[in-house]
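# coordinates only, sequence not included:
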């Protein structure tokens with residue numbers, strides 16, 4: 001998850017609306033003056049950081065302001081003579097280094113500081129992408145999280161997309177409440193993955209009697225074209241559409257996917273889980289008809305006995321199947337991206353599926369021969 005930090009400058013009356021908006025937008029941390037630490041905690045549950053040279057009541061101490069980090073004190077030729085570097089090495093507890101990248105030597109200084117802190121807050125001047133790329137490469141293997149300073153959502157998008165993994169988060173320095181919201185959306189967009197969805201030809205559709213099926217109700221809204229990847233075999237998953245469309249039978253429930261039988265797999269991130277295992281608070285993955293994926297939180301999982309229908313389909317020579325509730329409101333996604341009720345499916349129709357190259361063991365991909373029928 002990409003972290004979102006806010007730099008809150010000014011009087012408490014000025015920064016209180018900013019912090020409230022950051023809380024509502026899911027920001028992980030706010031940097032304030034030390035006298036405002038407890039005030040922030042009264043507003044909600046968020047990490048509080050502040051600048052200083054010694055630990056106080058804050059969750060994260062930030063080293064570098066009014067020192068070598070922001071250029072107030074010139075960088076020494078010998079790194080061991082740096083006061084900020086000495087603090088980073090000796091102070092215990094959660095800490096961050098704040099470095100303004102005013103040139104190549106500050107980039108190198110940031111990398112060395114990053115080896116001794118939990119967070120590295122890097123602020124660009126005329127530089128944006130190149131120093132961040134170099135620092136990400138220079139700190140590979142270190143536990144530090146790189147948080148890139150930005151003044152807008154456009155800069156946030158760039159920082160979060162640099163290299164394949166991008167920065168670990170962004171530090172927004174803006175009093176614009178709308179910009180705080182836009183940075184939240186930029187971070188959400190950067191976390192979306194993409195999965196390959198391909199058309200599969202339906203081979204057979206037949207009722208099979210009663211079974212226990214799972215409705216996955218999430219704390220997140222879905223839109224038409226989104227659903228979850230479900231399958232009876234870990235080698236292949238059907239895109240089961242959310243109940244985000246009105247029908248003659250029931251009002252839309254855009255938070256729900258009627259996902260199928262209790263035994264079925266659901267793809268969650270890079271792993272699989274059984275539908276029967278899901279419970280409130282668990283994470284699931286929502287997938288769009290274009291293959292874009294995002295995380296959602298399970299609000300509840302409802303298991304009820306319902307008439308079931310078996311759907312078998314073939315893609316790239318692989319036969320996959322799934323059991324779904326036999327009802328008009330349960331839909332797969334056609335190869336053209338439109339939802340198709342399972343009660344209307346017939347042999348020869350095409351639906352979107354995702355195929356896996358590896359087998360799975362306890363939900364993890366493994367290179368092993370497993371036969372599932």
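Okay, I see it. Treat the numbers as computed from the prediction; the structure is a model and nothing was measured.
# from here on, contacts and neighbour counts on C-alpha atoms
OK.
# mind listing the strands in the stretch 51-200 of the chain by residue range?
Using DSSP state E, counting those that start in this stretch, the strands of the stretch 51-200 of the chain run over residues 60-63, 95-101, 119-124, 145-150, 169-172, 193-194, 198-218.
# Mind telling me which of those the model trusts least?
Lowest mean pLDDT within the strands of the stretch 51-200 of the chain: strand 193-194, at a mean of 74.
# quick revisit: redo the strands of the stretch 51-200 of the chain as TSV? Include distance to residue 348 and mean neighbour count.
Shown next, in TSV, are these (distance: least, C-alpha to C-alpha, whole Å; neighbours: other C-alpha atoms under 10 Å):
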stretch	distance to residue 348	mean neighbour count
strand 60-63	59	26
strand 95-101	59	25
strand 119-124	55	24
strand 145-150	50	25
strand 169-172	47	25
strand 193-194	27	13
strand 198-218	5	19
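# now these in a markdown table, with distance to residue 30?
A markdown table is the format used below for the strands of the stretch 51-200 of the chain (distance: least, C-alpha to C-alpha, whole Å):
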| stretch | distance to residue 30 |
| --- | --- |
| strand 60-63 | 10 |
| strand 95-101 | 13 |
| strand 119-124 | 13 |
| strand 145-150 | 12 |
| strand 169-172 | 9 |
| strand 193-194 | 27 |
| strand 198-218 | 28 |
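# And the ones you listed: which comes nearest residue 28?
Smallest distance to residue 28 across these (C-alpha to C-alpha): 9.7 Å, for strand 169-172.
# Quickly run through the sheet partners of the closest one, with directions.
strand 3-7 (parallel), strand 145-150 (parallel) (DSSP bridges).
# Could you report the neighbour count for residue 11?
Residues contacting residue 11 under the criterion other C-alpha atoms under 10 Å number 11.
# State the distance from it to residue 319.
Using C-alpha to C-alpha, to the nearest Å, residue 11 is found at 64 Å from residue 319.
# circling back: okay if I get the strands paired with strand 169-172 as JSON lines plus distance to residue 119?
Listed next are these as JSON lines, based on distance: least, C-alpha to C-alpha, whole Å:
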{"stretch": "strand 3-7", "distance to residue 119": "11"}
{"stretch": "strand 145-150", "distance to residue 119": "5"}
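# residues in contact with stretch 81-98?
53-55, 59-65, 67-70, 75-76, 79-80, 110, 113-114, 116-123 (C-alpha atoms under 8 Å, 6 or more residues apart in numbering).
# Could you list the low-pLDDT ranges of the protein?
Along the chain, the model assigns pLDDT under 70 to residues 126-130, 161-166, 191, 358-373.
# cutoff 50 now
163-164, 359-369 (pLDDT under 50).
# can you list the domains in it?
What automatic domain parsing lists as the domains of the chain is 3-191, 198-364.
# and the nearest residue to residue 226 once chain neighbours are set aside, what does it touch?
Leaving out its chain neighbours, the residue that sits closest to residue 226 by C-alpha to C-alpha, 6 or more residues apart in numbering is residue 288, at 4.1 Å. By C-alpha under 8 Å, 6+ apart, the residues touching residue 288 are 225, 226, 227.
# Show only the entries of these found in helices.
If you go by DSSP state H, the contacts of residue 288 have nothing in helices.
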